[in-house]
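Undergrad: okay, sequence plus prediction incoming.
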Amino acid sequence: MKIFKYIFLLFLVAIIGTSLYVATLDGNFKYTLTQKTKAPGSMAFKQIHNFENWENFVTDSTGSPIVLKPKENIRSTDSITQFSNFNEISGEIKTIERQPFSKMTQKMNLSQGRNEAEINLGWTIQEIESQTQIQLTLSGKKSFLAKLFGIWRTPSLDKIIADNFDLSLKNLDEYLIREMKKTSISVEGVTQFSGSYYLYASTASKNNSDLIVNKSQKIISQVENYMQRNNLRASGSGITVFNNIDTLNQSVIISAGIPISSRVITLKADDVLTGFMPQKKVLKVTLQGNYKSLEQAWEKAYAYAQQEFLNVDEQAERFLIYVVASDQEENPAQWITELYLPLKETESGTTTEEPQLNEYN
């Protein structure tokens, strides 16, 4: 009988000793993870902010994506959501506060069997040296049970989550870059360009898509400032007209501007001119994606014209319209540019003037 008493006392002492030891353990934890990406900060923020997007980049150690579902009676997936079977971990994530597009605070309540943890996620997104730095801080305090389980079970629940997020941040960078590279070119077919007046300025450039767009956007910004000073309204998106293309010297003269609803008399002292784009039969091609694909889009337009036996008007000036420009949307995959290749009218068609620039001073 005495031996059972001693065993019980030893067991009791072990429990008390273990409890005292666990109680003295530091339960605070903090992990700081950093990932740089060439993607815009706003694009990264939107991916992190909306839990529906987490399946695109958040994975466990095996590479399996996290499966999220909105909490019952909660519609907004950027507010609170639940997950399960994530390294045998289940739980809930909630967005506490956000400051678009730079900061966000979230809270995770996790459980792995009887092991539970509460983790605070602090996201900071900032532009550093032409790159976006994403920094994630995971912090919290382990419960008594979490510290107790941690004595013989490694790694701890918080360490598992931290390692998974370290991998997930790398996945996020790769995902964002893939999304930015998405491009589509679609031939819309033959249509009639309605024509319009527009304010413009001209310049010369190397025949390089990036340079042409860059110079065009500077001119368009110049025209926008002129219109603001003179209380003029635009009737369409920015436009670039290719006045002259020198294939031998790989140079081009362009005019860039903004359509207006009626003729404006500009003064000689003004830094912009008034032009007119007459009604014209054109082949329309739409590019959704980076401007680097503009040359490919033009090639597709000419190839389609040849395939369909369309008579391209080589004397007329081709032009493009920035429906969604880079100053409106940071993600290049969302840029929309319409390309117009002038065609000659058939004998039975209505003859109109070819696109040209006319100064009305």
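TA: It's in.

Undergrad: following the longest strand along the chain, which helix or strand comes up?
TA: Using DSSP state E, we find that the single longest strand of the chain is strand 115-128. Downstream of strand 115-128, the next assigned helix or strand under DSSP states H and E is strand 131-141.

Undergrad: just the CA trace of that following strand, in PDB.
TA: Output of strand 131-141 as PDB, limited to C-alpha atoms (Å, rounded to 0.1, in the frame of the first residue of the first chain):
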ATOM      1  CA  GLN A 131      10.800  47.500 -55.300                       C
ATOM      2  CA  THR A 132       8.000  46.600 -53.000                       C
ATOM      3  CA  GLN A 133       9.000  45.200 -49.600                       C
ATOM      4  CA  ILE A 134       6.400  43.000 -47.800                       C
ATOM      5  CA  GLN A 135       7.100  42.500 -44.200                       C
ATOM      6  CA  LEU A 136       5.000  40.200 -42.000                       C
ATOM      7  CA  THR A 137       5.400  40.100 -38.200                       C
ATOM      8  CA  LEU A 138       3.800  37.200 -36.300                       C
ATOM      9  CA  SER A 139       3.600  37.600 -32.600                       C
ATOM     10  CA  GLY A 140       1.600  36.400 -29.600                       C
ATOM     11  CA  LYS A 141       1.800  34.700 -26.300                       C
END
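
Undergrad: before we move on, the earlier item: just checking, what packs against the longest strand of the chain?
TA: Strand 115-128 sits against helix 41-49, strand 103-112, strand 131-141, helix 144-152, helix 157-180, with contacts defined as 3 or more C-beta pairs under 8 Å, 6 or more residues apart in numbering; DSSP states H and E. Where you see a C-beta, it was placed from the backbone N, CA and C, and this is true even at glycine.

Undergrad: now do the buried residues in the third one.
TA: This means strand 131-141. For strand 131-141, burial by neighbour count (16 or more other C-beta atoms under 10 Å) applies to 132-134, 136, 138, 140.

Undergrad: what helices or strands is the helix or strand in which Thr274 is found leaning on?
TA: In this structure, Thr274 sits in strand 273-277 according to DSSP H and E. Contacts defined by 3+ C-beta pairs under 8 Å, 6+ apart place strand 273-277 against strand 196-206, strand 239-246, strand 251-260.

Undergrad: after the longest one, next one along is what?
TA: Read it as strand 196-206. Going down the chain from strand 196-206, the next helix or strand is helix 209-229, by DSSP H and E.

Undergrad: now tell me what touches that next one from outside.
TA: Outside of helix 209-229, the residues within contact range by C-beta atoms under 8 Å, 6 or more residues apart in numbering are 199-201, 203, 205, 232-234, 238, 240, 252, 254, 256-258, 260, 270-272, 291-295, 322, 325-327.

Undergrad: and the buried ones among those residues, selectable in ChimeraX?
TA: Selection of buried members from those for ChimeraX, criterion 16+ other C-beta under 10 Å:
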select :199,200,201,232,234,238,240,252,254,256,257,258,260,270,272,291,293,294,322,325,326
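
Undergrad: which residues does Ile93 bridge with?
TA: Legend: beta-bridge partners of Ile93 under DSSP bridges are Thr81, Met108.

Undergrad: next, the angle helix 41-49 makes with the longest strand of the chain.
TA: Interaxial angle, strand 115-128 versus helix 41-49 (axes from the mean of the first three to the mean of the last three C-alpha atoms, to 10 degrees): 170 degrees.

Undergrad: hmm, who's touching strand 115-128?
TA: Contact with strand 115-128 is made by 36, 41, 44-45, 48, 101-111, 132-143, 145-146, 149, 153, 157-158, 161, as judged by C-beta under 8 Å, 6+ apart.

Undergrad: go again with 6 Å.
TA: With contact meaning C-beta atoms under 6 Å, 6 or more residues apart in numbering, strand 115-128 is reached by 41, 44-45, 48, 102-110, 133-140, 146, 149, 157-158.

Undergrad: quick revisit: okay, the buried residues of strand 131-141 in TSV with distance to Met180 and pLDDT next?
TA: Below are the buried residues of strand 131-141 laid out as TSV (distance: C-beta to C-beta, whole Å; pLDDT from 0 to 100):
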residue	distance to Met180	pLDDT
Thr132	12	96
Gln133	17	96
Ile134	15	97
Leu136	21	96
Leu138	27	93
Gly140	34	85
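
Undergrad: any chance of these in TSV, plus distance to Asn171?
TA: Shown next, in TSV, are the buried residues of strand 131-141 (distance: C-beta to C-beta, whole Å):
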residue	distance to Asn171
Thr132	15
Gln133	17
Ile134	12
Leu136	13
Leu138	17
Gly140	23
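
Undergrad: these: which two are farthest apart?
TA: The span of the buried residues of strand 131-141, defined through C-beta to C-beta, is set by Thr132 and Gly140 at 26.3 Å.

Undergrad: give me the below-cutoff pLDDT ranges for the chain.
TA: Across the chain, the ranges flagged by pLDDT under 70 are 1-27, 67, 69-88, 112-115, 142-155, 346-361.

Undergrad: same thing but 80
TA: Scanning the chain for pLDDT under 80 picks out 1-28, 60-91, 110-117, 141-158, 269, 346-361.

Undergrad: one step back: what angle separates the longest strand of the chain from helix 157-180?
TA: With the same axes, to 10 degrees defining the directions, strand 115-128 sits at 40 degrees from helix 157-180.
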